[in-house]
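J.: When you get a sec, could you give me coordinates for this:
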Amino acid sequence: MKKNLLITLLMLLGFFTNGQSRSEQLQQLFDTLYAKHQFNGCVLIADSGCPIFKSAYGYADLDKKTALNL
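T.: Now for the predicted structure:
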């Protein structure tokens with residue numbers, strides 16, 4: 001678990017170096033992780049107390065196919 005978190009954080013740092021906005025970079029990151037079945041959950045990222053990205057990926061209940069929502 002800690003290894004996955006470290007990899008994700010390192011990926012975040014890499015995404016912040018190109019011309020996209022931070023919210024676009026985060027969207028791309030979490031879309032990629034979800035597509036690779038490496039992330040399922042809700043995300044809220046804030047900068048100085050202001051949300052810059054929020055989204056939900058995957059299911060709250062996989063058996064019933066109940067989607068996560070914010």
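J.: can you count the residues close to Tyr57?
T.: 16 (other CB atoms under 10 Å). Any C-beta I mention is one placed from the backbone N, CA and C, and that applies to glycine too.
J.: where does Leu10 land on pLDDT?
T.: On the pLDDT scale, Leu10 is placed at 67.
J.: likewise the one 5 residues further on?
T.: At Phe15, the pLDDT value in this model is 60.
J.: Check the one 4 residues further on too.
T.: Predicted confidence (pLDDT) at Gly19: the value is 63.
J.: now the one 5 residues further on
T.: The model reports Glu24 with a pLDDT of 90.
J.: And for the one 3 residues further on?
T.: Taken from the predicted model, the pLDDT recorded for Gln27 is 94.
J.: Would you confirm that it contacts Ser55?
T.: Yes - if you go by CB atoms under 8 Å, Gln27 and Ser55 touch, sitting 7.1 Å apart.
J.: Mutual contacts of these two, please.
T.: Common neighbours of Gln27 and Ser55, counting by CB atoms under 8 Å, 6 or more residues apart in numbering, are absent.
J.: give the contact list for the residue nearest to Gly58 when sequence neighbours are not counted.
T.: Spatial nearest neighbour of Gly58, excluding adjacent residues (CB to CB, 6 or more residues apart in numbering): Asn40 at 3.4 Å. For Asn40, the contact set (CB under 8 Å, 6+ apart) comprises 34, 57-59, 68.
J.: Sitting in helices, which of those do you find?
T.: The helices, defined by DSSP state H, take in Tyr34 from the contacts of Asn40.
J.: Which residue ranges of this structure form helices?
T.: 2-15, 22-35.
J.: okay, those helices in CSV with distance to Ile45 next?
T.: What follows is these, written out as CSV (distance: least, CB to CB, whole Å):
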stretch, distance to Ile45
helix 2-15, 9
helix 22-35, 6
